[in-house]
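A.B. asks: from the sequence below, what's the structure:
(chains A and B)
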Number of protein chains: 2
Amino acid sequence: MDIKAGLLNGDKRACARLISLIENEDAQAVELLKELYSMTGNARVIGITGPPGAGKSTVTDKLAKLLRKRNKKVGIIAVDPTSPFTGGAILGDRVRMSDLNTDPGVFIRSMGTRGALGGLSKAANAAVKVLDIFGMDYIFIETVGVGQSEVDIVKLADTVVMVMVPGLGDDIQAIKAGIMEIGDVFAVNKSDRDGAERTATEIEVMLDFNRGAAYRPPVVNIIAKDNNNIDKLMEAIDDHYEYMQNSGNYKIRKRNSLKTEIIDIFKYNVVKSIEQKSENTNIIDQLVELALDKSIDPYTAALRLLKELRSTES
Amino acid sequence: MDIKAGLLNGDKRACARLISLIENEDAQAVELLKELYSMTGNARVIGITGPPGAGKSTVTDKLAKLLRKRNKKVGIIAVDPTSPFTGGAILGDRVRMSDLNTDPGVFIRSMGTRGALGGLSKAANAAVKVLDIFGMDYIFIETVGVGQSEVDIVKLADTVVMVMVPGLGDDIQAIKAGIMEIGDVFAVNKSDRDGAERTATEIEVMLDFNRGAAYRPPVVNIIAKDNNNIDKLMEAIDDHYEYMQNSGNYKIRKRNSLKTEIIDIFKYNVVKSIEQKSENTNIIDQLVELALDKSIDPYTAALRLLKELRSTES
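C.D. replies: Residues are numbered from 1 along each chain as shown, chains lettered A, B, ... in the order given. Predicted coordinates:
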């Protein structure tokens, strides 16, 4: 398969193949991505996150369908970092509605840690680039969970939609406090349920803490499964994007996420480098054994690795 | 304050101070930890994790109280990685029961990302060492959430207790699939609630997939708030520890976690190194600007950083 030609001619299989190759650290695939890097930057990237059970995939599906009616091409990357062992992406595969899958203007990809050799955040970043080059107008990154790695992934987005839901447990207070600052738009899903008003109020109260900010994230009540207020949610997303553009914050966010990306790839390269070196010298395992019997501490061991890396020929 | 003397003489304030200093990358504190590293390895480390609302802190508290009755000294590290901005650790501070706090044989610490300059997993690892040196017999690491970073933290533990609860949403299937493999012992909390039996069955079904394994994690029904079956849970934890010791898996796990720790510190040092270099040369920002206007791709930018690092004097 000529992946480059396929990708530029709208062949979904080429798109899927390239993402798989990049996940597997295929050198030629990474070269292709480098070559086509200048074609990126046209898609709008929307992050969808929130606690388990909030209905994130339904929200994504409904937003995607709305955009399809506007003749926009839509990419969806469903990221499931919860499983470092089974590789995640189980949920995404299972519940993703099939009617979107057969739409030629929609590309859907589930990603877990299993496929992503170089780390999920790095792979998700690359997948966004591939879909961008592929000509998608909008790219959704949807993550299950609310931990640090999910936050890292969703930070790739131009706009982050935080999907909340009434009636979550006690821990939700802590989660809310944590994720509040990454949400650009809040959606209270299943807003016909008891407690929806309270949930919305709680979010507003938290947003009040940041009252002085130039931009205040809107809170939109939706019922995603009934397509209720999905257009209002999209409007809020568009408003945020416009604000970002006009205020100059868009460029700042892009700069920060690019910096994070470069450092992440750098860290990955560095570890790969020392691991390659260690294939001959066995230095990593030697240091681990020394630390295991306490003749060296882990801090000193790490410094030795850095020294070893620097002594390596480039 | 003479931290070393305080630490070795059971002064909780010295213990707390050392953890804070290490979080802040204080060089002398890290030196002290290096010096006392050979005193570590005596405490048993128990990870408590599970989805939001499962009652993890109640489970930890009840287990801690049980161990106190057995005259064991107990350290509790409540990690909240959900908030990269506010720093997390809000929940831990708020709900932690105060009667444990006043017990001289108990040391409790909440940690969030705010304090942890070098990353939460690295800081939690250091805090475990401090409590180990401090003479705690048992150290609990409790994490809110079920993402990748939580998994990384909980992997420090000798035994990981996965606290589940009936009646969670749809996403829980995916989470279960993901976390199943890190759970050494499963606790179904609030087991008097509707659906508890179903939850236990679901866990057993998942465990069946791994039927051939030498060790099958037990599923214990508990009602933590009523102290119901907490002794049975502790027994299951002890059984797992014994199995790990006898099978030789304990050493394998320690080796793996030590390797991860050394690589993590190494990665941190490497990034710090290139950032220091960049203070003079401004190379990171320069590369970001080049990538921003697409005259360079992020992969090439990262390679340049590696080259720069290698050219740096040690």
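A.B. asks: only C-alpha atoms from now on, for both contacts and neighbour counts.
C.D. replies: Will do.
A.B. asks: can you give me the buried ones in the helix or strand hosting A:E31?
C.D. replies: Using DSSP states H and E, A:E31 falls within helix A:27-35. For helix A:27-35, a neighbour-count test (16 or more other Cα atoms under 10 Å in any protein chain shown) marks A:29-30, A:33-34 as buried.
A.B. asks: who's in contact with that helix?
C.D. replies: The contact list for helix A:27-35, computed with Cα atoms under 8 Å, 6 or more residues apart in numbering or on different chains, reads A:4, A:18, A:21-22, A:129-130, B:297, B:299-300.
A.B. asks: if we can go back for a sec, reformat the buried residues of helix A:27-35 as JSON lines; add pLDDT and distance to B:N71.
C.D. replies: JSON lines is the format used below for these (pLDDT from 0 to 100; distance: Cα to Cα, whole Å):
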{"residue": "A:A29", "pLDDT": "93", "distance to B:N71": "59"}
{"residue": "A:V30", "pLDDT": "91", "distance to B:N71": "58"}
{"residue": "A:L33", "pLDDT": "94", "distance to B:N71": "60"}
{"residue": "A:K34", "pLDDT": "94", "distance to B:N71": "61"}
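A.B. asks: any idea which of these is closest to chain B?
C.D. replies: Here the nearest of those to chain B, counting by Cα to the nearest Cα, is A:K34; it sits at 5.8 Å.
A.B. asks: just to revisit the earlier point, can you say which of the contacts of helix A:27-35 are buried?
C.D. replies: Neighbour counting with 16+ other Cα under 10 Å marks A:4, A:18, A:21-22, A:129-130, B:297, B:299-300 as buried within the contacts of helix A:27-35.
A.B. asks: give me the beta-bridge partners of A:I139?
C.D. replies: A:V45, A:G75 (DSSP bridges).
A.B. asks: ok, it - contacts?
C.D. replies: So A:I139 contacts A:43-46, A:74-77, A:128, A:131-132 (Cα under 8 Å, 6+ apart).
A.B. asks: same check, this time on A:N229
C.D. replies: Contacts for A:N229 were tallied using Cα under 8 Å, 6+ apart; they are A:220-223.
A.B. asks: now A:E142
C.D. replies: By Cα under 8 Å, 6+ apart, the contact set of A:E142 is A:47-49, A:56-57, A:60, A:76-79, A:154.
A.B. asks: which parts of the stretch 151-300 of chain A are strands?
C.D. replies: For the stretch 151-300 of chain A, strands defined by DSSP state E, counting those that start in this stretch occupy the ranges A:159-164, A:185-188, A:219-221.
A.B. asks: nearest to chain B, of those?
C.D. replies: Nearest to chain B among the strands of the stretch 151-300 of chain A is strand A:159-164 (12.7 Å), distances taken as Cα to the nearest Cα.
A.B. asks: can you pull the contacts of A:D194?
C.D. replies: With contacts defined as Cα under 8 Å, 6+ apart, the neighbours of A:D194 are A:166-167.
A.B. asks: give me the distance between it and chain B.
C.D. replies: Computed as Cα to the nearest Cα, to the nearest Å, the A:D194 to chain B distance reads 16 Å.
A.B. asks: cool, and A:Q276?
C.D. replies: Taking Cα to the nearest Cα, one finds A:Q276 at 14 Å from chain B.
A.B. asks: so can I have JSON lines of the contacts of helix A:27-35 showing pLDDT?
C.D. replies: Putting those into JSON lines (pLDDT from 0 to 100) gives the following:
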{"residue": "A:K4", "pLDDT": "97"}
{"residue": "A:L18", "pLDDT": "96"}
{"residue": "A:L21", "pLDDT": "93"}
{"residue": "A:I22", "pLDDT": "88"}
{"residue": "A:K129", "pLDDT": "96"}
{"residue": "A:V130", "pLDDT": "97"}
{"residue": "B:D297", "pLDDT": "96"}
{"residue": "B:Y299", "pLDDT": "94"}
{"residue": "B:T300", "pLDDT": "96"}
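A.B. asks: now intersect those with the helices, please.
C.D. replies: Under the assignment DSSP state H, the contacts of helix A:27-35 contribute A:4, A:18, A:21-22, A:129-130, B:299-300 to helices.
A.B. asks: of all the buried ones among the contacts of helix A:27-35, which comes closest to A:E204?
C.D. replies: A:K129 (34.4 Å; Cα to Cα).
A.B. asks: could you find the closest non-adjacent residue to that closest one?
C.D. replies: Leaving aside its sequence neighbours, A:K129 sits nearest to A:T40 (Cα to Cα, 6 or more residues apart in numbering or on different chains; 6.1 Å).
A.B. asks: so what's A:G167 up against?
C.D. replies: A:194-196.
A.B. asks: just put these in CSV and tack on pLDDT.
C.D. replies: Output for the contacts of A:G167, formatted as CSV (pLDDT from 0 to 100):
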residue, pLDDT
A:D194, 89
A:G195, 87
A:A196, 90
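A.B. asks: so which residue is smack in the middle of chain A?
C.D. replies: For chain A, A:I153 is the residue whose C-alpha lies nearest the centre (Cα atoms, centre = their mean; 3.1 Å).
A.B. asks: good, wrapping up.
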